[in-house]
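Colleague: Please find the sequence and the predicted model below.
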Amino acid sequence: MDDGGANRLGDYLRARRGLVTPEQAGIPPGSHRRVAGLRREEVALLAGISADYYLRLERGRDTNPSPQVLSALARVLHLDEVEHQHLLALATPTRRARPRVRPERVPDRLHHLLAALEVPAFVEGRAFDVLASNPLALAFSPRLRPGENRLRSLLLDPEEREFHVDWEAATAEFVGSFRGSVGADDGDPRIVELVGELSLASARFRALWARHDVRRLEGGTTTVVHPVVGELRLHRDKLPVAGLTLVLYYADVGSDSAGKLQALASLARAGSRPPAAVQQES
């Protein structure tokens, strides 16, 4: 990983201060600034610590700051609760041995649950790998079939750009959630492999990953354009189950999108009928 070395705390501090404007910090911008964000000495002054101490933090020479110092830095860097917790995790030394990474397997009961659900649903792993999905999920998007990776599909598959009404927002949300899911533990070989692959293949991923945005792994509302039924406004929930994540898409009851999901359900039950044939018939 690009930030997976010994100075994760310093990397995070450096990235976040680059995103805070002087105006946000109450500092006159001036005409001779060479950095877009705050200078190191400005962060130190606003946090009430010495510039030399802050420099040691950024350069990894001091890796055990007090909670009070971290709280002051979180305030200066405008970190929200999730980002503040991430900062605390980065500053907490890991003393225990890293547990063995075990293959992710979907329990039979989750397969049964997927089959019983009447909304698009799938199970994803820690690296956003699709491990199982129901027929309606595949009718919703063929990129939700097992073996796909949600991040890779979103960033590298051209069809995802057409699918998401706001692709820029979707990628920012997914990458931030991915970093939040990884947290301070970046030694999982699957995580390392995926970050390396996307860093090479996607400029968008490189830009977002360098920001160090952290978001909770949770649901929300999204709008997509399905090639058969058109625009869908759906809620998305992410539920932890058996160490994995169950993802559900559903519409407001009685809404236009709910009717379109019913049409997709009919398509899923039809099985072998291709979307193009259905579109031509309508």
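Modeller: Structure's in. What do you need?
Colleague: Model confidence for residue 3, exactly?
Modeller: The score at residue 3 is 45. That number is its pLDDT.
Colleague: swap that for residue 37, please
Modeller: Looking at residue 37, its pLDDT is 87.
Colleague: Same question for residue 266.
Modeller: For residue 266, the model assigns a pLDDT of 88.
Colleague: List the buried residues of the helix or strand it falls within.
Modeller: Element membership of residue 266, judged by DSSP states H and E, is helix 256-270. Burial within helix 256-270, assessed by neighbour count using 16 or more other Cβ atoms under 10 Å, is assigned to 257-258, 260-261, 263-265, 267-268. Using the backbone N, CA and C atoms, a C-beta is placed for each residue, glycine as well.
Colleague: And those, which is closest to residue 105?
Modeller: Ranked by distance to residue 105 (Cβ to Cβ), the buried residues of helix 256-270 are led by residue 268 at 24.8 Å.
Colleague: contacting residues around the residue nearest to residue 232 when sequence neighbours are not counted?
Modeller: Excluding its sequence neighbours, the residue lying closest to residue 232 (Cβ to Cβ, 6 or more residues apart in numbering) is residue 257, at 4.7 Å. Neighbouring residues of residue 257 by Cβ atoms under 8 Å, 6 or more residues apart in numbering: 231-234, 251.
Colleague: Could you dump those into a markdown table with distance to residue 38 added?
Modeller: Shown next, in a markdown table, are the contacts of residue 257 (distance: Cβ to Cβ, whole Å):
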| residue | distance to residue 38 |
| --- | --- |
| 231 | 41 |
| 232 | 42 |
| 233 | 39 |
| 234 | 39 |
| 251 | 44 |
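Colleague: Give me the buried subset of those residues.
Modeller: 232-234, 251.
Colleague: if we take those residues, which one ends up nearest to residue 205?
Modeller: Distances from residue 205 to the buried ones among the contacts of residue 257, taken by Cβ to Cβ, are shortest for residue 234, at 24.4 Å.
Colleague: and the closest one, which of the three is it?
Modeller: Three-state call for residue 234 (DSSP: H, G, I helix; E, B strand; the rest coil): strand.
Colleague: In the sheet, which residues pair with it? Tell me.
Modeller: Counting by DSSP bridges, residue 234 forms beta bridges with residue 222.
Colleague: That one touches residue 251, doesn't it?
Modeller: Yes. If you go by Cβ atoms under 8 Å, residue 234 and residue 251 touch, sitting 5.5 Å apart.
Colleague: Going by neighbour count, which residues of stretch 112-130 are buried?
Modeller: 113-114, 117, 119-130.
Colleague: What of stretch 39-53?
Modeller: For stretch 39-53, by 16+ other Cβ under 10 Å, it's 40, 42-47, 49.
Colleague: do stretch 179-198 as well
Modeller: Buried residues in stretch 179-198 (16+ other Cβ under 10 Å): 179-182, 184, 186, 191, 194-195, 197-198.
Colleague: before we move on, what about stretch 218-234?
Modeller: 222, 224, 226, 229, 232-234.
Colleague: any idea how far that stretch is from the chain center?
Modeller: The chain centroid and the centroid of stretch 218-234 are separated by 18 Å, computed with Cα atoms, centre = their mean, to the nearest Å.
Colleague: likewise stretch 15-24?
Modeller: That offset, for stretch 15-24, works out to 22 Å (Cα atoms, centre = their mean).
Colleague: Need the CA coordinates for it. CSV is fine.
Modeller: Listed next in CSV are the C-alpha coordinates belonging to stretch 15-24 (Å, rounded to 0.1, in the frame of the first residue of the first chain):
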residue,chain,number,x,y,z
ALA,A,15,-2.7,14.8,3.8
ARG,A,16,-5.4,16.4,6.0
ARG,A,17,-3.6,19.7,6.7
GLY,A,18,-3.3,20.0,2.9
LEU,A,19,-7.1,20.1,2.7
VAL,A,20,-7.7,22.8,5.3
THR,A,21,-7.6,26.3,3.7
PRO,A,22,-6.2,29.3,5.6
GLU,A,23,-9.6,30.8,5.5
GLN,A,24,-11.1,27.8,7.3
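Colleague: Throw the buried residues of stretch 218-234 into a markdown table and include pLDDT and distance to residue 137, thanks.
Modeller: Putting these into a markdown table (pLDDT from 0 to 100; distance: Cβ to Cβ, whole Å) gives the following:
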| residue | pLDDT | distance to residue 137 |
| --- | --- | --- |
| 222 | 93 | 14 |
| 224 | 96 | 13 |
| 226 | 95 | 12 |
| 229 | 94 | 15 |
| 232 | 96 | 13 |
| 233 | 96 | 17 |
| 234 | 96 | 12 |
